[in-house]
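Engineer: Next input, structure requested:
(chains A and B)
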Protein chains: 2
Amino acid sequence: MEKSSDILTKEQILIATEDTLRRFGVAKSSVTDVAKVLGVSHGTIYRHFKSKAELLEGVTEKWLNEKIIDPLTEICQDSSVLGIPHLKRYIQTLIELKQYYARDDEEMFGMYTRVTEQAADLIDQHIAHIVDQLADIIARGGITVDQPTQLARTLFYATTRFHHPAHAYEWKSPAIEREFSEVWMLLEKGIS
Amino acid sequence: MEKSSDILTKEQILIATEDTLRRFGVAKSSVTDVAKVLGVSHGTIYRHFKSKAELLEGVTEKWLNEKIIDPLTEICQDSSVLGIPHLKRYIQTLIELKQYYARDDEEMFGMYTRVTEQAADLIDQHIAHIVDQLADIIARGGITVDQPTQLARTLFYATTRFHHPAHAYEWKSPAIEREFSEVWMLLEKGIS
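Structural biologist: Predicted coordinates for the structure are as follows:
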């Protein structure tokens, strides 16, 4: 009866979950709804994800990787720019992506916001990924600093207001771009 | 019957509201509960505060002024320290106060966190107050800068992660103090 479960991958479950969340909203979607979409029993889903919370984390991780990390990786690997301008382009892209999805993908962004406070490991990993890429840009860009990772983390934390999802309500302010520029200018002076 | 309402001040209502919130929690407290404590009808309360939301804002404003602004005003007026060390002491005190109340006054801090996202005017005023005091410290401290208020705002925003209530869940990390020091050191280098 449940042959399909043998070949049902985590990826397929996550895609079906994202569809379900977009259709019914996060609050009203259940593991059973996802199972129905896939034509399997909810037990099949539980074999891969132990709870609805774990399923939501899985979807958030996939969403973060595709929407935030993938485009940032491209910026990180771009060799047409170096040093501080490279750092600025990376952080500005991070900010633009977060602000774009807060506006244009409210359902998923809302889920990511809630997961941020609950799934510490997932978010720590996401931050570590970004900090590693920033440290890489620092090390390759001829910026003289003892510990590139420490500077990377510091830049990430000092710009929190502009990319952390808890501040999405502040991003509607018309001053937000100018305020980022002012913070960045001070940080830039601190680096050089 | 309601003579007492004539002399019932906003301050008395706010004190009774804070008592009620501490006893029943924010979610379960009603305007009627506050009226009962004061021995007046709820109409009497509504003459001063149009809704429960307005009452909560009033309590938050009073709480912020007493717990955060009053001790910061003392630091601001302290003339035993000047310039960048004065700035650092002020911002560090802001951070310590927020982190202290997040731990030790959860009910009121939780209310403040929710009001932060809803009562833009109240929070804008609170921030303006802090930014004014920082600008005052900058101007008096011989820090050469064209626009003290802009630098003040920038320092406030670049340290958001360490004092904005949405980040309270991150303040439990043992690394949080070191992370603030690292951010501050970079900002300090940017100022001088």
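Engineer: For the most centrally placed residue in chain A, give its distance to A:V81.
Structural biologist: Centroid-nearest residue in chain A, with Cα atoms, centre = their mean: A:L64, separated by 3.3 Å. According to Cβ to Cβ, to the nearest Å, A:L64 stands 24 Å off from A:V81. From N, CA and C alone the C-beta is placed, and that goes for glycine too.
Engineer: quick one on the thing from earlier: surely the residue nearest to the centre of chain A touches A:H126?
Structural biologist: Yes - assessed by Cβ atoms under 8 Å, A:L64 is found in contact with A:H126 at 5.4 Å.
Engineer: quick one: low-confidence parts of chain A?
Structural biologist: Chain A contains residues with pLDDT under 70 at A:1-6.
Engineer: Give me every residue in it lying close to chain B.
Structural biologist: Neighbours of chain B within chain A, by Cβ under 8 Å from any Cβ of the partner chain: A:117, A:150-151, A:153-155, A:157-161, A:164, A:166-167, A:169, A:179, A:182-183, A:186-191.
Engineer: ok, 6 Å please
Structural biologist: Contact residues (Cβ under 6 Å from any Cβ of the partner chain) of chain A with chain B: A:117, A:154, A:157-158, A:160-161, A:166, A:169, A:179, A:182-183, A:186, A:189-190.
Engineer: Now the two most distant members of those residues.
Structural biologist: Distance extremes for the residues of chain A next to chain B: the farthest pair is A:E117 and A:K189 at 33.2 Å, using Cβ to Cβ.
Engineer: name the helices or strands packed onto the host helix or strand of A:A139?
Structural biologist: Following DSSP states H and E, one finds A:A139 within helix A:120-140. Packing partners of helix A:120-140 (3 or more Cβ pairs under 6 Å, 6 or more residues apart in numbering or on different chains; DSSP states H and E): helix A:52-64, helix A:83-104, helix A:148-158.
Engineer: tell me the most buried of those helices?
Structural biologist: Most buried of the helices and strands packed on helix A:120-140 by mean neighbour count (mean count of other Cβ atoms under 10 Å in any protein chain shown) is helix A:148-158; its value is a mean of 22.
Engineer: now that helix: how far from the chain's centre is it?
Structural biologist: 17 Å (Cα atoms, centre = their mean, to the nearest Å).
Engineer: Who are the packing partners of it?
Structural biologist: helix A:120-140, helix B:176-191.
Engineer: Just send the ones you listed back as TSV, with mean neighbour count and distance to B:I69 too.
Structural biologist: TSV is the format used below for these (neighbours: other Cβ atoms under 10 Å in any protein chain shown; distance: least, Cβ to Cβ, whole Å):
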stretch	mean neighbour count	distance to B:I69
helix A:120-140	17	32
helix B:176-191	18	21
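Engineer: Could you dump these into JSON lines with distance to A:H42 added?
Structural biologist: Output for the helices and strands packed on helix A:148-158, formatted as JSON lines (distance: least, Cβ to Cβ, whole Å):
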{"stretch": "helix A:120-140", "distance to A:H42": "23"}
{"stretch": "helix B:176-191", "distance to A:H42": "40"}
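Engineer: Now do the contacts for A:I91.
Structural biologist: The neighbourhood of A:I91, defined by Cβ atoms under 6 Å, 6 or more residues apart in numbering or on different chains, consists of A:T159.
Engineer: separation between it and chain B?
Structural biologist: 13 Å (Cβ to the nearest Cβ, to the nearest Å).
Engineer: Equivalent analysis for A:E61, please.
Structural biologist: From A:E61 to chain B the distance is 19 Å (Cβ to the nearest Cβ).
Engineer: just to revisit the earlier point, got the helices and strands packed on helix A:120-140 as JSON lines, with distance to B:T20 columns?
Structural biologist: Listed next are these as JSON lines, based on distance: least, Cβ to Cβ, whole Å:
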{"stretch": "helix A:52-64", "distance to B:T20": "34"}
{"stretch": "helix A:83-104", "distance to B:T20": "36"}
{"stretch": "helix A:148-158", "distance to B:T20": "38"}
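Engineer: among the ones you listed, which is nearest B:H42?
Structural biologist: helix A:83-104 (38.5 Å).
Engineer: List every C-alpha atom in that closest one, with coordinates, as CSV.
Structural biologist: Extracted C-alpha coordinates of helix A:83-104, given in CSV (Å, rounded to 0.1, in the frame of the first residue of the first chain):
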residue,chain,number,x,y,z
GLY,A,83,38.5,44.2,0.1
ILE,A,84,36.1,46.7,1.7
PRO,A,85,33.9,47.3,-1.3
HIS,A,86,33.5,43.5,-1.6
LEU,A,87,32.5,43.3,2.1
LYS,A,88,30.1,46.2,1.6
ARG,A,89,28.5,44.6,-1.5
TYR,A,90,28.1,41.3,0.4
ILE,A,91,26.5,42.8,3.5
GLN,A,92,24.3,45.1,1.4
THR,A,93,23.1,42.1,-0.6
LEU,A,94,22.3,40.2,2.6
ILE,A,95,20.2,43.2,3.7
GLU,A,96,18.5,43.7,0.4
LEU,A,97,17.6,40.0,0.2
LYS,A,98,16.1,39.9,3.8
GLN,A,99,14.2,43.1,3.2
TYR,A,100,12.9,41.9,-0.2
TYR,A,101,11.6,38.6,1.2
ALA,A,102,10.1,40.3,4.3
ARG,A,103,8.0,42.3,1.8
ASP,A,104,7.3,39.8,-1.0
